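[1] Compute the structure for the input listed below.
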Amino acid sequence: MLVDANLLLYARDESSPFHVAASTWLSGVLNGTTRVGLPWPSLLAFLRIATNPRAYEEALQPEVAWSQVEAWLAAPAAWVPLPTERHGAVLGDLVTRYHLRANQVPDAHLAALAVEHGVPVCSVDTDFARFTEIRWVNPIEL
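    Residues are numbered from 1 along each chain as shown. Next up, the predicted model:
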């Protein structure tokens, strides 16, 4: 599975109504037996948003946010899925076939990684449902 940034943010943000569900789920899978992909785009989005005072009244200090990333990466089931030599072709196909623009493009990047590695995308973002090539799972659907 690949984890989208929204689950990382909810898992860390104690003020979110999704915090308990996301934190419990993420902790469980990171300490489980199935590989949990933490793509750099998701980790970088977490860093960008969690440290942004416009996004959070009490934004994380960069050191705190980076420590969280390191802790996730050190978890037993964590791995960083890297693009394969097919990445450009897969990504290009998704962007052009679905006519993606602007903020939809990062979703295509995660979807391409999921296609390449044959794993589902875990996200609360329903936009992933458009990609028929992947399996999308909302692990905290309430």
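[2] Who are the contact partners of residue 65?
    Residues touching residue 65, when contacts are defined by Cβ atoms under 8 Å, 6 or more residues apart in numbering, comprise 46-47, 50-51. No exception for glycine: its C-beta is placed from N, CA and C like everyone else's.
[3] Ignore what I typed, I meant residue 108.
    By Cβ under 8 Å, 6+ apart, the contact list for residue 108 reads 91, 94-95, 98, 100, 131.
[4] Would you convert those residues into CSV that also reports pLDDT and distance to residue 83?
    Shown next, in CSV, are the contacts of residue 108 (pLDDT from 0 to 100; distance: Cβ to Cβ, whole Å):
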residue, pLDDT, distance to residue 83
91, 98, 8
94, 98, 13
95, 98, 14
98, 98, 19
100, 98, 17
131, 98, 16
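[5] Kindly reformat the residues you listed as a markdown table and extend each row with secondary structure, distance to residue 59 and neighbour count.
    As requested, the contacts of residue 108 are exported to a markdown table (DSSP: H, G, I helix; E, B strand; the rest coil; distance: Cβ to Cβ, whole Å; neighbours: other Cβ atoms under 10 Å):
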| residue | secondary structure | distance to residue 59 | neighbour count |
| --- | --- | --- | --- |
| 91 | helix | 31 | 20 |
| 94 | helix | 32 | 22 |
| 95 | helix | 31 | 17 |
| 98 | coil | 33 | 16 |
| 100 | coil | 29 | 20 |
| 131 | coil | 31 | 21 |
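[6] Alright, calling it a day.
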